[in-house]
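Visitor: Give the three-dimensional model of this entry:
(one chain, ligands or ions: 1)
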Amino acid sequence: MAYEFILVETRGPVGLITLNRPKALNALCAGLIADLGKALDDMEADDNIGAIVLTGSEKAFAAGADIKEMSGKSYMDVYLQDFITKGWERVTTCRKPVIAAVSGYALGGGCEMAMMCDFILAAETAKFGQPEITIGTIPGAGGTQRLTRFVGKSKAMEMNLTGRIMDAEEAERAGLVSRIIPATELISEAVATAEKIAGLSRPVVMMAKECVNKAYETTLSEGVKFERRVFHSTFATEDQKEGMAAFVEKRTPNFKNR
Ligand SMILES: CC(C)=CC(=O)SCCNC(=O)CCNC(=O)[C@H](O)C(C)(C)COP(=O)(O)OP(=O)(O)OC[C@H]1O[C@@H](n2cnc3c(N)ncnc32)[C@H](O)[C@@H]1OP(=O)(O)O
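Guide: Numbering: from 1, shown residues only. Alright, predicted model coming up:
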């Protein structure tokens, strides 16, 4: 499949998607979002792929939604198109794990896109922010909601009200990113992390992802109940039998994804 705005490759069991609009710092135009959706559809359908890495360039993961594309839109345009939900949330419906590998700017929609992934690995050069307020609007793909859940009200409020940009260290301290990695090793480390996940039981990985995501959508007691039921259901898989037997027999498990 040929794409205009992204590069797609596989590295063993890992699907690697690289946003590729260098002249516009990977601004997320409609064509790029459509390409991304198609690539995720293909990777979900490909049994050889167990996890996905989404990345950008050294200078920018993505500098936001495409301001030039949206600047002329009217209220009716954005309302009737349900801009910018449509297409953007495809990454959140992907059942395979998606890791964001962020180098440089992740601003506005770029920060929102990274937060839609399952976790964020950041180069020490990464910069996160929701600067929409500085161009007379507010985030439209979760920047006021997901960022608040990640970093808490005070920091999320400050970032949304001022457009202040957070560097990688602050983002790690605040819990927005899981780890900081030297810029030159970002992709190899993200792929290695994805490879590790892809080598585990696929159905059990999907169950774990579903449970963590549940924590965002429900109360603690309901979430714990949900987790317990899913935990019970892992005992219906061949992979739980294999994983525990391998531990007892002091050998590497051979998961069959069943
Ligand atoms: C409103 C919603 C729902 C979501 C949003 O995401 S709004 C956008 C939020 N993002 C921003 O406001 C960031 C905009 N970009 C910048 O502030 C700067 O580009 C920068 C600080 C990230 C980098 O500055 P730098 O001086 O290094 O580079 P530029 O010359 O400014 O940019 C290079 C090139 O890319 C174009 N560009 C950058 N960001 C966007 C964008 N979000 N949309 C469209 N185009 C963008 C920029 O115009 C320039 O291209 P030209 O030289 O052809 O104008």
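Visitor: so how far is residue 138 from residue 116?
Guide: The span separating residue 116 from residue 138 equals 17 Å under the rule Cβ to Cβ, to the nearest Å. No exception for glycine: its C-beta is placed from N, CA and C like everyone else's.
Visitor: ok, those two, which is more surrounded?
Guide: Set residue 116 next to residue 138 and count neighbours by other Cβ atoms under 10 Å: residue 116 wins out with 21 against 11.
Visitor: wait, doesn't the more buried one sit right on residue 91?
Guide: Yes. With contacts defined as Cβ atoms under 8 Å, residue 116 counts as touching residue 91 at a distance of 4.5 Å.
Visitor: mind listing what the nearest residue to residue 144 once chain neighbours are set aside touches?
Guide: Excluding its sequence neighbours, the residue lying closest to residue 144 (Cβ to Cβ, 6 or more residues apart in numbering) is residue 160, at 5.5 Å. By Cβ atoms under 8 Å, 6 or more residues apart in numbering, the residues touching residue 160 are 130, 132, 133, 138, 139, 143, 144, 147.
Visitor: which SS state does the third one fall under?
Guide: Just to be clear, that refers to residue 133. helix (DSSP: H, G, I helix; E, B strand; the rest coil).
Visitor: and the nearest residue to it once chain neighbours are set aside, how many neighbours does it have?
Guide: Across the structure, with Cβ to Cβ, 6+ apart as the measure, the residue nearest residue 133 apart from its sequence neighbours is residue 163 (5.2 Å). Taking other Cβ under 10 Å as the neighbour definition, residue 163 ends up with a count of 16.
Visitor: Contacts (any at all) between the ligand and the helix or strand bottoming out on mean pLDDT in the chain?
Guide: Using mean pLDDT, DSSP states H and E, the weakest-scoring helix or strand in the chain turns out to be helix 85-88, at a mean of 84. No. Under the criterion of Cβ under 6 Å from any ligand atom, helix 85-88 makes no contact with the ligand; the nearest approach is 9.3 Å.
Visitor: Packing partners of that helix?
Guide: Judged by 3 or more Cβ pairs under 8 Å, 6 or more residues apart in numbering; DSSP states H and E, the packing partners of helix 85-88 are helix 30-45, helix 109-116.
Visitor: quick one, helices of this structure?
Guide: 30-45, 67-70, 75-80, 85-88, 109-116, 146-151, 153-162, 168-174, 186-198, 202-214, 220-234, 238-248 (DSSP state H).
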